[in-house]
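Engineer: Here is a sequence together with a model predicted from it:
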Amino acid sequence: MSARNLVVIGVSTGGPLTLKALFKEIPPLDAAFLIVLHITPQMDYRIAQGLAAAATMPVTLAEDGEYLKPGHIYMAPGGFHLKLEGNQRVVLYEGARVNYVQPAADVAMLSVSRPLKGKLVGIVLTGMGRDGADGIKHIHDIGGITIAQDQHSSTIYGMPKAAALTGAVDHVLPPKKIAAKLIELLA
């Protein structure tokens, strides 16, 4: 069964700890979670394993051609961009860096399209630079709900600030409150 509800998360510096804090608070939900963390191929599997130890849902590195399933957390592997076909199917490709990074959150977020079968949530967490800002605006424009991490809880308030400056962020929250908002939206 493919996922109706989709949550796309962009994150960088400070990401692994923030993701653990977030997913520790979230029970299994009827949504596929797609995480785009700025990581190298050498680190991706270890970080996914660390997150799996904290999360209540299974965590895997996304594979090319895979269909997203509800109640699963997928991480974009290091060294590849990830986009979604029909909001469901993973396409991995090596391309030029976007916002100086690969994988880039903007690539994944900008690949999401209408019609949305269920709820779509875009989240930008702690990180340097502005990756995710264009993606958040796109998700907002096609009817999704958008969230950025607040400055106080961010290791580096670059990416969430850039997202907030687009004017397209619905909620600015710390990780615990992001978890509560996701439960409210998806439970």
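Structural biologist: Alright, I've got the coordinates. Numbers count the residues shown, from 1 in each chain.
Engineer: where in this protein is pLDDT low?
Structural biologist: Low-confidence segments of the chain, defined by pLDDT under 70: 1.
Engineer: the helices in it, which residues?
Structural biologist: In the chain, the helices defined using DSSP state H lie at 15-24, 44-54, 105-110, 133-141, 159-165, 175-186.
Engineer: Of those helices, which stretch is the most buried?
Structural biologist: helix 105-110 (a mean of 26; mean count of other CB atoms under 10 Å). For glycine as for every other residue, the C-beta is placed from the backbone atoms N, C-alpha and C.
Engineer: Keeping just the C-alphas, turn that helix into PDB.
Structural biologist: Extracted C-alpha coordinates of helix 105-110, given in PDB (Å, rounded to 0.1, in the frame of the first residue of the first chain):
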ATOM      1  CA  ALA A 105      16.000  19.300   0.300                       C
ATOM      2  CA  ASP A 106      14.900  21.600  -2.500                       C
ATOM      3  CA  VAL A 107      15.200  18.900  -5.100                       C
ATOM      4  CA  ALA A 108      12.900  16.500  -3.100                       C
ATOM      5  CA  MET A 109      10.400  19.200  -2.100                       C
ATOM      6  CA  LEU A 110      10.100  20.800  -5.600                       C
END
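Engineer: Next, name the residue at the spatial heart of this structure.
Structural biologist: Most central in the chain under CA atoms, centre = their mean is residue 9, positioned 1.3 Å from the mean C-alpha point.
Engineer: Select, out of the helices of the chain, the one closest to residue 126.
Structural biologist: The minimum distance between residue 126 and the helices of the chain falls on helix 15-24, with 5.3 Å, by CB to CB.
Engineer: Pull the distance from the closest one to the chain's centre.
Structural biologist: 12 Å (CA atoms, centre = their mean, to the nearest Å).
Engineer: is it true that residue 128 touches residue 161?
Structural biologist: No: with contact defined as CB atoms under 8 Å, residue 128 does not count as touching residue 161 (10.5 Å).
Engineer: about what we covered before: how about the helices of the chain, which one is nearest residue 35?
Structural biologist: When the helices of the chain are compared (using CB to CB), the closest one is helix 15-24, at 6.6 Å.
Engineer: which residues touch that closest one?
Structural biologist: 9, 11, 35, 37-38, 47, 50-51, 54-57, 73, 125-127, 149, 153-155, 175-176, 178-179 (CB atoms under 8 Å, 6 or more residues apart in numbering).
Engineer: repeat that with 10 Å
Structural biologist: Contacts of helix 15-24 with the rest of the structure, by CB atoms under 10 Å, 6 or more residues apart in numbering, involve 9, 11-12, 33, 35-39, 43, 46-48, 50-57, 59, 73, 75, 123, 125-127, 149, 153-156, 159, 174-176, 178-179, 182.
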